[in-house]
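Enquirer: Starting from these lines, generate the structure:
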Amino acid sequence: MAGFLMQQGKVDLVIVGADRIAANGDTANKIGTYALAVLAGAHGIPFYVAAPLSTVDGSMRNGGAIPIEERDANEVKHLQGVRTAPEKIRVYNPAFDVTPNRYITAIITERGVARKPYMNSIRKLLKS
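Expert: The predicted structure is shown next:
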């Protein structure tokens, strides 16, 4: 639905949260955030991340270093306690995805706004 609304011009901007932000501005958030960022970029819509500076992990150079939590396979294989998939089916059920910084317009924190290049602007916010 998000893409359709963007296509119709009904979305001015997107603001999401973050569970973790790497030093270069790559951002991990709930699964589906990356898709929203790509859609926003395709439609020329600004995409902002709003998060406390405590979510920035300066030891992680980029989003590839962010560990992605995997949820229990039974969340996918069962619905209300009833099996909906074969017993031995393999399941990949990530809880988060990583949005590369190229899709992010700015990162809004309690100490200010980080803009590209994120390595520099995030470093300055962390020092303030």
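
Enquirer: name the helices or strands packed onto the helix or strand harbouring Leu36?
Expert: For Leu36, the element it lies in under DSSP states H and E is helix 33-42. Under the contact criterion of 3 or more Cβ pairs under 8 Å, 6 or more residues apart in numbering; DSSP states H and E, helix 33-42 touches helix 2-7, strand 14-16, strand 47-50, strand 96-99. For every residue, glycine as well, the C-beta is placed using N, CA and C.

Enquirer: mind checking which of these is nearest Asn24?
Expert: Closest approach to Asn24 among the helices and strands packed on helix 33-42 is made by strand 96-99 (11.1 Å; Cβ to Cβ).

Enquirer: for the closest one, packing partners?
Expert: Using 3+ Cβ pairs under 8 Å, 6+ apart, strand 96-99 is in contact with strand 27-30, helix 33-42.

Enquirer: try 10 Å
Expert: strand 20-22, strand 27-30, helix 33-42 (3 or more Cβ pairs under 10 Å, 6 or more residues apart in numbering; DSSP states H and E).

Enquirer: Tell me which of the ones you listed sits nearest to Val82.
Expert: Closest approach to Val82 among the helices and strands packed on strand 96-99 (Cβ to Cβ): strand 27-30, 25.5 Å.
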